[in-house]
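> just the structure for this:
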Amino acid sequence: MVKSSDDGDNMALLKAMLDAMRPKQWVKNVFLFAALVFARKYLEIDAWTQAIMGFAAFSMVSSSGYIFNDARDREADALHPKKKFRAIAAGRLPVNIAYIEMVVLFSCGLGLAWFISPWFFALAFAYFINTMSYSLFFKNFVILDVMFIAMGFLWRVAAGAIAVEVAPSPWLLMCTGFLSLFLGFNKRRGEIVLVKDQEGTTRKNLEQYSETLVSELQAITTSGTIISYGLYTIENNQWLMLTVPHVLYGVFRYIYLVTQHNEGGAPDETLLKDKPILLTGLFYVITIFAVLQFAPGNSL
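I've put the predicted structure just below:
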């Protein structure tokens, strides 16, 4: 049986709508599970239910922000060697349908956030305001652009703690902040390398960055990430220092991929396709659960 052209068009539109949501980017929302793990709530079904609902809420809210950003930047993205394939920039998803999809995702995401708790709703809404502030204004300011991206990860960790009813450690928040800054500045380096042979850049503030500047910022944020994580392990459970080698290798491996293989322009793709980093992440998770479950120490 041959499908009708209308069925084919509808499937293409649905695929474009899904692509516009950027489901690969949802991996960033795993930060909501940080408090669940380090507070040793991972054996509680109710905590998992709350955390998973929180993940779904943030995924919908973040996707609404991505759609708004792609719709607004569709002309600039059309000139980018990779972003030109995005659904809106490529013309596969009409702008009016994109905005309808954005409103639906935003409403459903915040509705689910309210169901979790009013405080979670407040943090989810603050995350959305942070995203909109970045898209409308701060993405055009050097350094501040990456800082606003990093702030989004802090909202995620804080919201994850609220979802499972624990208070996040200040060191956990600091470590998250440095790690997200590290990834953000490496993303800028990847974008610089990607478009340096182009006649014009697709991001206004990219011209204000240079590989030398980003290397300096990379060094600072690398040190901050490792030191803050080390201090967090001491505060939480000294046996967690067994995970420090995993973190060191993961960070160093990522720097290697960025500097030697010009990766980093899309952190989610780099992290998910590199086998050594994936294996390191697996060993890290195993070590975390082994330590928290069996080793004596302090709780979050």
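
> give the other helices and strands that the top helix by length along the chain contacts.
In the chain, taking DSSP state H as the definition, the longest helix is helix 45-72. Packing partners of helix 45-72 (3 or more C-beta pairs under 8 Å, 6 or more residues apart in numbering; DSSP states H and E): helix 5-20, helix 34-38, helix 95-116, helix 118-136, helix 144-163. For the C-beta atoms, the positions are set from N, CA and C on the backbone; glycine is no exception.

> need the next SSE after it, C-terminal direction.
Beyond helix 45-72 in the direction of the C-terminus, DSSP states H and E gives the next helix or strand as helix 74-77.

> what is that next one packed up against?
Counting by 3+ C-beta pairs under 8 Å, 6+ apart, helix 74-77 packs on no helix or strand.

> picking that back up, export the helices and strands packed on helix 45-72 as a markdown table, with columns for mean pLDDT and distance to Ala266.
Putting the helices and strands packed on helix 45-72 into a markdown table (pLDDT from 0 to 100; distance: least, C-beta to C-beta, whole Å) gives the following:
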| stretch | mean pLDDT | distance to Ala266 |
| --- | --- | --- |
| helix 5-20 | 83 | 14 |
| helix 34-38 | 89 | 22 |
| helix 95-116 | 95 | 21 |
| helix 118-136 | 93 | 17 |
| helix 144-163 | 93 | 13 |
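
> export these to JSON lines and tack on mean neighbour count and distance to Val27?
Converted to JSON lines, these look like this (neighbours: other C-beta atoms under 10 Å; distance: least, C-beta to C-beta, whole Å):
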{"stretch": "helix 5-20", "mean neighbour count": "13", "distance to Val27": "16"}
{"stretch": "helix 34-38", "mean neighbour count": "22", "distance to Val27": "14"}
{"stretch": "helix 95-116", "mean neighbour count": "17", "distance to Val27": "17"}
{"stretch": "helix 118-136", "mean neighbour count": "18", "distance to Val27": "16"}
{"stretch": "helix 144-163", "mean neighbour count": "23", "distance to Val27": "11"}
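
> what's the closest of the ones you listed to Ala290?
Proximity to Ala290 (C-beta to C-beta) singles out helix 34-38 among the helices and strands packed on helix 45-72, at 12.3 Å.

> so how far is Phe141 from Leu14?
Computed with C-beta to C-beta, to the nearest Å, the distance linking Leu14 and Phe141 is 37 Å.

> and Tyr254, what is it in contact with?
Contact analysis of Tyr254 by C-beta atoms under 8 Å, 6 or more residues apart in numbering lists 183, 186, 264, 270-271, 277.

> mind listing what's buried along the longest helix of the chain?
Buried residues in helix 45-72, defined by neighbour count with 16 or more other C-beta atoms under 10 Å: 47, 50-51, 53-71.

> could you look up the SS state of Leu257?
The three-state label for Leu257, taken from DSSP: H, G, I helix; E, B strand; the rest coil, comes out as helix.

> model confidence score at it, please.
Confidence at Leu257, expressed as pLDDT, is 88.

> how close does it get to Leu183?
12 Å.

> these two: which has the busier surroundings?
More crowded of Leu257 and Leu183, by other C-beta atoms under 10 Å: Leu183, with 23 against 20.

> spatially nearest residue to that one (excluding sequence neighbours)?
Distances taken as C-beta to C-beta, 6 or more residues apart in numbering put Pro267 closest to Leu183, at 4.9 Å, once the chain neighbours are dropped.

> need the helices and strands packed on helix 45-72 in JSON lines with distance to Ile226, can you?
Converted to JSON lines, the helices and strands packed on helix 45-72 look like this (distance: least, C-beta to C-beta, whole Å):
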{"stretch": "helix 5-20", "distance to Ile226": "36"}
{"stretch": "helix 34-38", "distance to Ile226": "17"}
{"stretch": "helix 95-116", "distance to Ile226": "33"}
{"stretch": "helix 118-136", "distance to Ile226": "26"}
{"stretch": "helix 144-163", "distance to Ile226": "16"}
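
> what sits against Ser62?
25-26, 28-29, 127, 131.

> how does it look with 10 Å?
Contact partners of Ser62, counting by C-beta atoms under 10 Å, 6 or more residues apart in numbering, are 21-22, 25-26, 28-29, 105, 109, 124, 127-128, 131, 152, 156.
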